[in-house]
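S.K.: Fold the following, please.
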Amino acid sequence: MRFKPGLTAKLTKHIVSNKIRGNKRFTLVLMLEPTFMCNLACEGCGRIREYKEGMNKMMSVDECLESVDECNAQIVSICGGEPLVYPHIEDLIAKLTKKGKYIYLCTNGLLFKDKMHKLKPSDSLMVNFHIDGLAKTHDAITGLKGAYDKVIEAIKAAKKKGYFVCTNTTIYKQTDINEMRQLFKTLHELKVDGFLISPAYGYVHVGDAFFMTRKELAGFFDKLEPEFKKYNFLGSPLYLEFVQGKRDIDCAPWTTPTRNPFGWRSPCYQLADKHYATYKELLEKTDWKKYGSRSKNPRCAECAVHCGFEPASVLEGKSFKDIIKLIGWQFT
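M.R.: Model (predicted):
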């Protein structure tokens, strides 16, 4: 089974209950950024550039928990910034676990071995290590020599301790497909439980030299299809068909809202046109028609990032064929 049965059951119940109540927009995953601070300065990262004036701001644990309740998220992706820099991370994870939430701890792995003894493995905690290539590539992107070795050591330690371990890999214009094949082979041999893969987004603060167009992405992901069949990728087959150019999907940014020290980021994880004080304001005051791949917004035209399109692919999969495909994917 690709995901833990409890997570699948809880998320399915959440989707069905919202559909029955006629809710047009509802949260699946909260992208929670308790701090912007990070111990790396990766080339493609928008956060450390967007929020450079507010790097020292952070949310309290109570604010984090209130945000989870506010949007009724069943899954909380703790990101940032580097969440292991957040001084209250152990307390936050413990309290989210007590609330019955599933947690993705998104980390670059540098501090994981030092913090690991305070983070109890559980059925609800998934540790997501970011790794963008083999040693030379990953070290160059992170700007730190030895970063690759550190994250590999962290993965080995996490697996030995009994954590559910997944990895997240960002695809850039310069990404070498043969290197990706070797990377996934290496991670599979380390018994990583699943792989996430997503195109990079062209943040205005970063420039467009690193980012593929939709057409380029389709060619790249099409060549990776044998790996999707060989290994345990966590992206749905509908999303993978989308990035391969075989399916049209509009993103659903409201399914994965972002909450950080500035408030509720609108409209999405990639774009911050405004921050709202409440989740209700985010839903009601964001003009959603101005965004998405089917809009005429040039900032959305080439975006294919999984946090907006992955949940949309599941929600839009209405045909019997799509449902069977999703069920088969979950149980393989």
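S.K.: ok, Ile131 touching Leu183?
M.R.: Yes - counting by CB atoms under 8 Å, Ile131 does reach Leu183; the two are 7.2 Å apart. C-beta: built from backbone N, CA, C; applies to glycine.
S.K.: got any ranges where this structure has weak pLDDT?
M.R.: Within the chain, the segments meeting pLDDT under 70 span 1-2, 202-210, 317-318, 320, 323, 327, 330-332.
S.K.: Can you dump the C-alpha atoms of the top strand by length along it in PDB for me?
M.R.: Taking DSSP state E as the assignment, the strand of the chain that covers the most residues is strand 164-171. The C-alpha atoms that make up strand 164-171 are tabulated as PDB, following Å, rounded to 0.1, in the frame of the first residue of the first chain:
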ATOM      1  CA  PHE A 164       8.300   6.600   7.600                       C
ATOM      2  CA  VAL A 165      10.700   8.300   5.200                       C
ATOM      3  CA  CYS A 166      10.000  10.000   1.900                       C
ATOM      4  CA  THR A 167      12.000  12.400  -0.300                       C
ATOM      5  CA  ASN A 168      11.100  15.400  -2.300                       C
ATOM      6  CA  THR A 169      13.000  16.300  -5.400                       C
ATOM      7  CA  THR A 170      12.700  19.500  -7.400                       C
ATOM      8  CA  ILE A 171      13.100  19.400 -11.200                       C
END
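S.K.: ok so, going back, between Ile131 and Leu183, which is the more surrounded one?
M.R.: The residue with the greater number of neighbours, taking Ile131 and Leu183 and applying other CB atoms under 10 Å, is Ile131; the counts read 26 against 23.
S.K.: gap between the more buried one and Gln270?
M.R.: Using CB to CB, to the nearest Å, we find Ile131 at a distance of 21 Å from Gln270.
S.K.: Give me the distance between the longest strand of the chain and the centre of its chain.
M.R.: From the chain centre to the centre of strand 164-171 is a distance of 9 Å (CA atoms, centre = their mean, to the nearest Å).
S.K.: Pairing partners for that strand, with directions?
M.R.: Each strand that strand 164-171 pairs with, and the sense of that pairing, follows from DSSP bridges: strand 125-130 (parallel), strand 194-199 (parallel).
S.K.: What are the buried residues along that strand?
M.R.: Along strand 164-171, the positions that meet the burial threshold by neighbour count (16 or more other CB atoms under 10 Å) are 164-171.
S.K.: Throw the strands paired with strand 164-171 into CSV and include distance to Arg49, thanks.
M.R.: Below are the strands paired with strand 164-171 laid out as CSV (distance: least, CB to CB, whole Å):
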stretch, distance to Arg49
strand 125-130, 17
strand 194-199, 19
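S.K.: between those strands, which one is nearest to Glu63?
M.R.: With CB to CB as the criterion, Glu63 lies closest to strand 125-130 of the strands paired with strand 164-171, at 20.8 Å.
S.K.: Outside of that closest one itself, list whatever touches it.
M.R.: Strand 125-130 has contacts (CB atoms under 8 Å, 6 or more residues apart in numbering) with 77, 93, 97, 102-109, 112, 119, 151, 154-155, 158, 163-170, 193, 196.
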